[in-house]
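Novice: for reference, the sequence and a predicted model appear below.
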Amino acid sequence: MIVASAAASLLCGYELLRSTANTLFVTAYGRHALPAIIALTIVGVSLVTYGYGRLLSWLGPRRTLHASTVLAMLTMLACYAAIRLDPVGSKPVTGLLYIFKESYIVLLIEQCWSFINSKLTRKAAKVLNGVICGIASIGAVSGGLLLRYLSERWGTLQMVPLAALGTLPTLFLVEWMYRRYGEPRGADSTLPADKAAAAQHRHDEDPLSLRLFRRERLLLLLILLVATKECMGSLVDLGFQYELKQQFADAADKQNAYSGTFFAWINGIAMGFQLVLTPLLLTFVRTRWVHVSIPAIHLALLTNFVLRPSLVSASLALMAFKIIDYSVFRAAKELLYVPLSFDARYRAKELIDVLGNRASKGLTSLSITALQSLGVAFAAGSFALGGLVGAGVWLVLAFPLTASEHTESAARPATGADAGTGAAS
């Protein structure tokens with residue numbers, strides 16, 4: 001309940017910032033600049049991920065989560081002040097804000113999930129992961145509704161400091177969480193002095209535990225899956241943004257209000273899935289078939305988007321992607337991390353779910369930008385077709401990811417050399 005409430009606070013702030021950053025950037029540079037700015041997120045997320053690895057080595061899990069949350073809030077307030085003081089001259093700040101919102105939320109949320117994966121068994125996680133997502137979604141729905149009702153009344157820019165305010169309770173909830181339940185298993189502070197010193201040396205040389213990817217096939221499959229999923233999602237999102245801008249041309253506040261309502265519906269439906277459908281699926285359906293069915297659903301909806309491009313078909317495709325990602329896919333994916341070592345849960349996981357997640361979106365947009373510079377014109381249907389291909393690759397990857405040696409019946413606790421600083425679940 002505590003960690004889910006902390007995630008709810010983070011998601012409330014994020015929902016206020018996500019659509020706001022999109023609207024501010026598109027207003028400043030136009031929708032055709034979206035692929036370029038998404039491509040630049042590769043730089044931002046790479047710096048954030050590397051910085052996280054260093055902070056984790058210096059401060060440990062508890063203080064790193066505190067420090068990264070405070071830095072996120074200060075960045076929001078600094079961007080707000082710059083844009084408000086000089087709306088014309090600070091146009092590049094809207095790009096910085098866009099890159100920032102793509103980077104910070106995954107870093108903070110994944111730290112919460114790393115803590116959860118360190119405290120729950122796989123059996124408990126099957127029941128509770130969906131519930132945790134559901135409680136967190138209350139914050140996301142609240143943020144979307146606040147955006148809907150306040151954007152036109154207060155103005156889009158005022159949502160930025162409101163996002164920082166929505167994030168503030170996370171600091172107190174995280175402190176309560178660590179005071180009550182202690183450090184995650186396998187953290188350096190829980191090890192004997194000699195092992196802690198050896199772990200610190202490894203972390204100084206390899207802050208993101210890249211060595212684990214050479215030994216753990218599961219981690220390689222996970223980063224490929226996450227990259228494919230995000231490439232597909234970014235294409236669907238671009239198609240949605242194109243249709244949205246076309247529908248509400250020259251009406252930034254109405255566009256922002258529609259976007260806030262849209263994401264509030266997504267989070268509301270996802271919450272129902274998280275509280276009811278996800279625990280039932282993970283308890284009674286094999287993990288393999290859960291993972292395989294997800295891209296199959298996307299294939300059907302993206303086919304509809306390709307054949308009938310419109311704001312409605314784009315909304316349906318993006319809505320399905322977000323709802324399933326926030327509920328069933330998230331809970332099912334986190335199960336795979338539970339038996340792994342501390343380094344896999346806290347370091348390799350951030351590389352997969354932060355850098356792999358956002359960098360894949362950036363590379364997708366970089367490719368689109370390169371093609372646009374060569375004179376290739378894109379319509380919403382073009383992005384839908386690319387998403388359709390991505391869903392097909394996702395479906396292929398789902399089978400080896402959930403092969404018998406990687407499912408719950410064959411999950412191997414990380415021990416010995418593989419464990420790094422970890423301990424068996």
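Specialist: Here it is on my side, so go on.

Novice: which SSE is the residue nearest the centre of the chain in?
Specialist: Central residue of the chain (C-alpha atoms, centre = their mean): residue 106, 4.1 Å from the mean position. According to DSSP states H and E, residue 106 maps onto helix 91-119.

Novice: likewise for residue 303?
Specialist: helix 287-307.

Novice: residues in contact with that helix?
Specialist: Residues outside helix 287-307 that contact it (C-beta atoms under 8 Å, 6 or more residues apart in numbering) are 232, 236, 239, 281-282, 313-314, 316-317, 320-321, 324, 328-329, 332, 335, 380-381, 384-385, 387-388, 391-392, 394-395, 398-399, 401-403, 407-408. In this view, the C-beta of every residue, glycine as well, is placed from N, C-alpha and C.

Novice: and the angle from the helix ranked longest in the chain to helix 91-119?
Specialist: For the chain, the helix with the greatest residue count under DSSP state H is helix 34-85. Here the directions of helix 34-85 and helix 91-119 differ by 110 degrees (axes from the mean of the first three to the mean of the last three C-alpha atoms, to 10 degrees).

Novice: Provide a list of residues in contact with residue 55.
Specialist: Residue 55 touches 63-64, 67-68, counting by C-beta under 8 Å, 6+ apart.

Novice: what's the angle from the helix or strand just after the helix holding residue 303 to helix 287-307?
Specialist: Where DSSP H and E defines the elements, the next helix or strand beyond helix 287-307 is helix 311-324. Angle, helix 311-324 to helix 287-307, by the same axes, to 10 degrees: 170 degrees.

Novice: could you point out which element follows helix 311-324?
Specialist: helix 330-335.

Novice: helices or strands next to that next one in the packing?
Specialist: Identification of packing neighbours for helix 330-335 by 3 or more C-beta pairs under 8 Å, 6 or more residues apart in numbering; DSSP states H and E yields helix 91-119, helix 122-154, helix 278-284, helix 287-307.

Novice: so for residue 74, which of those helices sits nearest?
Specialist: Of all the helices and strands packed on helix 330-335, it is helix 91-119 that lies closest to residue 74, at 11.0 Å by C-beta to C-beta.

Novice: can you give me the buried ones in the closest one?
Specialist: Buried residues in helix 91-119, defined by neighbour count with 16 or more other C-beta atoms under 10 Å: 93-119.

Novice: where does pLDDT dip in the stretch 51-200 of the chain?
Specialist: Along the stretch 51-200 of the chain, the model assigns pLDDT under 70 to residues 185-200.

Novice: revised request: answer the last question for the stretch 251-400 of the chain.
Specialist: 251-252, 377.

Novice: check the burial of residue 376 by counting its neighbours.
Specialist: Neighbourhood size, residue 376 [other C-beta atoms under 10 Å]: 10.

Novice: Three-state assignment for it, please.
Specialist: Secondary structure, DSSP: H, G, I helix; E, B strand; the rest coil: residue 376 is coil.

Novice: same check on residue 88?
Specialist: Classified using three-state DSSP, residue 88 is coil.

Novice: report the contact partners of it.
Specialist: Contacts of residue 88 (C-beta under 8 Å, 6+ apart): none.

Novice: helix or strand for residue 184, which one?
Specialist: Using DSSP H and E, residue 184 is not contained in any helix or strand.

Novice: which one is it nearest to, not counting chain neighbours?
Specialist: residue 118 (3.3 Å; C-beta to C-beta, 6 or more residues apart in numbering).

Novice: I figured the one you found hits residue 345, correct?
Specialist: Yes: contact criterion C-beta atoms under 8 Å: residue 118 and residue 345 qualify, at 6.0 Å.

Novice: hmm, back to that, from the contact counts, what lies against the helix holding residue 106?
Specialist: helix 2-29, helix 34-85, helix 122-154, helix 169-181, helix 330-335, helix 349-350, helix 357-373.
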